[in-house]
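Undergrad: Only the shape, not the letters, is given here:
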């Protein structure tokens with residue numbers, strides 16, 4: 001089995017409503033994401049995937065969708081005010097945690113036809129969340 005990983009970076013903001021700690025306040029992260037692809041076979045160039053292919057596909061979407069975007073739960077009471085102010089916001093039905101982001105990015109890469117095994121999102125140098133699909137749903 002072969003595995004390759006491409007690391008990308010982006011910035012985002014969020015808050016976790018009803019969180020007992022300081023994450024209940026609006027704040028931002030300089031995040032790093034690691035996208036791991038896996039294959040039993042290599043392509044005609046001897047690769048699982050060209051690093052530039054996964055970079056172009058994932059980075060474009062991350063830049064357009066997540067970078068410098070405030071991720072807020074659909075029930076967040078500050079949502080109307082930020083929308084009225086014209087802020088860049090992604091409204092989500094789940095809590096916008098690192099776990100949520102890892103799954104969101106995983107699903108995008110998977111829809112692109114890449115043999116994604118795992119996506120890890122670091123919201124700080126010491127804290128990360130990883131999403132992997134079960135073997136039953138993995139390609």
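TA: Received it, and whenever you're ready, just let me know what you need. Every value quoted in this text rests on a predicted model; they were computed, and no experiment measured them. Numbers count the residues shown, from 1 in each chain.
Undergrad: Which residue ranges of the chain form strands?
TA: For the chain, strands defined by DSSP state E occupy the ranges 2-14, 27-39, 69-73, 89-92, 116-122, 128-131.
Undergrad: among these, which is nearest residue 20?
TA: Closest to residue 20 of those is strand 27-39 (C-beta to C-beta; 15.0 Å). In this view, the C-beta of every residue, glycine as well, is placed from N, C-alpha and C.
Undergrad: can you redo the strands of the chain as CSV with mean pLDDT and mean neighbour count?
TA: Formatted as CSV, the strands of the chain follow (pLDDT from 0 to 100; neighbours: other C-beta atoms under 10 Å):
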stretch, mean pLDDT, mean neighbour count
strand 2-14, 98, 17
strand 27-39, 97, 18
strand 69-73, 98, 21
strand 89-92, 97, 16
strand 116-122, 98, 22
strand 128-131, 98, 17
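Undergrad: Compare the ones you listed and give me the one nearest residue 51.
TA: With C-beta to C-beta as the measure, strand 2-14 is the member of those nearest residue 51 (5.5 Å).
Undergrad: what does that closest one contact?
TA: 26-42, 47-49, 51, 54-55, 58-59, 62-63, 66-72, 96, 101, 117 (C-beta atoms under 8 Å, 6 or more residues apart in numbering).
Undergrad: need the contact list for residue 130.
TA: Contacts of residue 130 (C-beta under 8 Å, 6+ apart): 102, 118, 119, 120, 121.
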